[in-house]
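Q: Sequence and predicted model, in that order:
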Amino acid sequence: MDFEALESGLRAAYGDEITPEDVMSAAMYPKVFQEFKEFTSNFGPVDCLNTRLFLDGPKIAEEFQVELERGKTLHIKALALGDLNKSGQREVFFELNGQLRSVLVKDTAAMKEMHFHPKALKDVRGQVGAPMPGKVVEVKVKPGQKVEKGQPLCVLSAMKMETVVNSPISGIISKVHVNADSSLEGDDLILEITE
């Protein structure tokens, strides 16, 4: 295996902070390493949290400290959980270094009981996602239909503006996940095209 080529590819994809351990991880477990890098780019350095806090989350009224680096420690106290909203999120209230803060967090346990639209995967070429939240006005194609790159697939309406979603590739429509009047969030899967 060409480790130098692998390292230069990793540096191109993830920046210059690639260690020899990263190269070995990517060589042995490429899919796991890719998922790990995506996770850390979304959530930051979670290795600062202890295992119980990372897996279970803090208990209400629990105070804990997170040392980001030497001399840089966050004091966090979990205060309360809000009610579940219609998109499966709860508002979590906490104190960060004595200041009251809140953040919306997806409740994965409650989301299992709610129906959610699948998201388009960015690394799958034939998956077409919604460019913005909105309502489907019209679907212009059906499964089995041949489409050309740039051909209109469907029309979305958001805030009284209509947006046409065009085909990113040429191919055949394999599955349509929406119909007229479907409400979509950004990146929700509209349809799939096979080349």
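A: The structure has been received and is ready for your questions. Residues are numbered from 1 along each chain as shown.

Q: so Lys149, which of the three states?
A: Here Lys149 is recorded as coil under DSSP: H, G, I helix; E, B strand; the rest coil.

Q: quick one: it and Pro168 touch, right?
A: Yes: using Cβ atoms under 8 Å, Lys149 is in contact with Pro168, at 6.9 Å. In short, each C-beta sits where N, CA and C put it, glycine included.

Q: more crowded one of these two?
A: A side-by-side neighbour count of Lys149 and Pro168, using other Cβ atoms under 10 Å, places Pro168 first with 15 against 11.

Q: So which residues of this structure form helices?
A: 3-14, 20-28, 30-43, 51-56, 108-111 (DSSP state H).

Q: Rebuild those helices as TSV, extending it with mean neighbour count.
A: Formatted as TSV, those follow (neighbours: other Cβ atoms under 10 Å):
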stretch	mean neighbour count
helix 3-14	14
helix 20-28	14
helix 30-43	12
helix 51-56	10
helix 108-111	11
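
Q: I'd like to know which of those is closest to Gln127.
A: Counting by Cβ to Cβ, Gln127 lies closest to helix 30-43 out of the helices of the chain; the figure is 16.3 Å.

Q: Show me what the closest one is packed against.
A: Applying 3 or more Cβ pairs under 8 Å, 6 or more residues apart in numbering; DSSP states H and E, one finds that helix 30-43 contacts helix 20-28.

Q: The helix it packs on to helix 30-43, inter-axis angle?
A: 130 degrees (axes from the mean of the first three to the mean of the last three Cα atoms, to 10 degrees).

Q: Return the list of helices and strands in contact with helix 20-28.
A: By 3+ Cβ pairs under 8 Å, 6+ apart, helix 20-28 packs against helix 3-14, helix 30-43.

Q: so how far is that helix from its chain's centroid?
A: Here the centre of helix 20-28 is set off from its chain's centre by 24 Å, with Cα atoms, centre = their mean, to the nearest Å.

Q: now the strands: where do they sit in this structure?
A: Along the chain, the stretches classed as strands by DSSP state E are 63-69, 72-81, 89-96, 99-106, 127-129, 134-139, 146-147, 152-158, 161-166, 171-176, 183-184, 189-194.

Q: ok so, going back, which one of the helices and strands packed on helix 20-28 lies nearest to Ile190?
A: Minimum separation from Ile190 across these (Cβ to Cβ) falls at helix 30-43, 22.4 Å.

Q: Pull the distance from the closest one to the chain's centre.
A: With Cα atoms, centre = their mean as the basis, helix 30-43 stands 12 Å off its chain's centre.

Q: And the contacts of that helix?
A: 13-14, 22, 25-26, 46 (Cβ atoms under 8 Å, 6 or more residues apart in numbering).

Q: List just the nearest of those to Glu67.
A: Among the contacts of helix 30-43, and counting by Cβ to Cβ, the member closest to Glu67 is Val46, at 13.1 Å.
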